[in-house]
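In: Give me a model of this one.
(chains A and B)
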Amino acid sequence: NAGVTQTPKFQVLKTGQSMTLQCAQDMNHEYMSWYRQDPGMGLRLIHYSVGAGITDQGEVPNGYNVSRSTTEDFPLRLLSAAPSQTSVYFCASSYDGLYYEQYFGPGTRLTVT
Amino acid sequence: AQKITQTQPGMFVQEKEAVTLDCTYDTSDQSYGLFWYKQPSSGEMIFLIYQGSYDEQNATEGRYSLNFQKARKSANLVISASQLGDSAMYFCAMREVSSGSARQLTFGSGTQLTVLP
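Out: Alright, predicted model coming up:
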């Protein structure tokens, strides 16, 4: 099993550009999520999905869009990049429930200039 | 109020000694899960150990154990026989019923552990 994969690992964008961060998992997990990690802070939830066709907002959703057309894939779109979106982005997946650990991808380090 | 509080921004421990990383949490839910993750300098998030709110026994996974004191709302991570490879940032996190379908992990701000040779 590859687990949770993310691409790209690094990305530099100019303000106003858009891009998509890719996330895929091969564990047949219902639940997938995107977090961002800023320096000195823990991770904060951006968007999540509890199954194909079902997505919802997390704590910090502004400026991001998601879709979930398959169980495996959960891309995150930056609509118009801003310097405040400079961060490390993690995708995670788990079985749906309180008691399951989330498995994280390796992260994408995004810089917006 | 902070849901997860980690009061030790940095900790040092001598190799082969045990170390306790503190975590307190705030929830009014009866059902919740507590998790510890390790983030080495390479950046990935590695799951270490889990404790459910209804579990009566403290969780253990190899050299990791969780000192769960429900009445005090604390879930401290104990690492026994520290190794140089344990040097990393450690995050405590919680999943609560009241988060609804979000099932999100709410993270603390982390503790940077350095193991000294």
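In: Show me what from chain A comes close to chain B.
Out: A:31, A:33, A:35, A:40-45, A:48, A:50, A:56, A:58-59, A:88, A:90, A:92, A:94, A:96-104, A:106-107, A:109 (C-beta under 8 Å from any C-beta of the partner chain). In this view, the C-beta of every residue, glycine as well, is placed from N, C-alpha and C.
In: Report the contact partners of B:Gly85.
Out: Contacts were defined as C-beta atoms under 8 Å, 6 or more residues apart in numbering or on different chains; by that measure B:Gly85 touches B:40, B:115.
In: Could you confirm it falls within a helix?
Out: Yes - remark: B:Gly85 belongs to a helix, assigned using DSSP: H, G, I helix; E, B strand; the rest coil.
In: I'd like to know how far it sits from B:Ser42.
Out: 11 Å (C-beta to C-beta, to the nearest Å).
In: Which part of chain B gets nearest to chain A, residue-wise?
Out: B:Phe107 (2.8 Å; C-beta to the nearest C-beta).
In: How about the backbone phi and psi for that residue?
Out: phi -100, psi 150 (degrees, to the nearest 10).
In: Who are the contact partners of A:Met19?
Out: By C-beta under 8 Å, 6+ apart, the contact list for A:Met19 reads A:11, A:13, A:77-78, A:81.
In: What is the lowest-mean-pLDDT helix or strand in chain B packed up against?
Out: Across the helices and strands of chain B, mean pLDDT, DSSP states H and E gives its lowest value to strand B:106-107, namely a mean of 90. Strand B:106-107 is packed against strand B:88-96, with contacts defined by 3 or more C-beta pairs under 8 Å, 6 or more residues apart in numbering or on different chains; DSSP states H and E.
In: so for the strand it packs on, what's the average pLDDT?
Out: Averaged across strand B:88-96, the pLDDT comes to 94.
In: Name the strands paired with it and say parallel or antiparallel.
Out: With DSSP bridges as the test, strand B:88-96 is paired with strand B:32-39 (antiparallel), strand B:106-107 (antiparallel), strand B:111-116 (antiparallel).
In: From the chain's centroid, how far away is the helix or strand just after the longest one?
Out: Read that as strand B:32-39. Counting by DSSP states H and E, the element after strand B:32-39 in chain order, helix or strand, is strand B:46-52. On the basis of C-alpha atoms, centre = their mean, to the nearest Å, strand B:46-52 sits 8 Å off its chain's mean C-alpha point.
In: show me the contacts for A:Leu13.
Out: So A:Leu13 contacts A:19, A:78, A:81, A:110-113 (C-beta under 8 Å, 6+ apart).
In: among those, who's most crowded?
Out: A:Ala81 (22 neighbours; other C-beta atoms under 10 Å in any protein chain shown).
In: Surely that one is in a strand?
Out: No - according to three-state DSSP, A:Ala81 belongs to no strand; its state is coil.
In: OK, contacts around it?
Out: A:13-19, A:112.
In: Max pairwise distance over those: which two?
Out: For these, the maximum inter-member distance is 12.4 Å, found between A:Thr15 and A:Met19 (C-beta to C-beta).
In: And for the least confident helix or strand of chain B, what's in contact with it?
Out: For strand B:106-107, the surrounding residues in contact (C-beta under 8 Å, 6+ apart) are A:42-44, B:3-4, B:37, B:91-96, B:99.
In: and if we set it to 6 Å?
Out: A:42-43, B:3-4, B:91, B:93-94 (C-beta atoms under 6 Å, 6 or more residues apart in numbering or on different chains).
In: do the same with stretch A:26-38
Out: When contacts are defined by C-beta under 6 Å, 6+ apart, stretch A:26-38 is touched by residues A:1-2, A:43-51, A:74, A:76, A:87-96, B:103.
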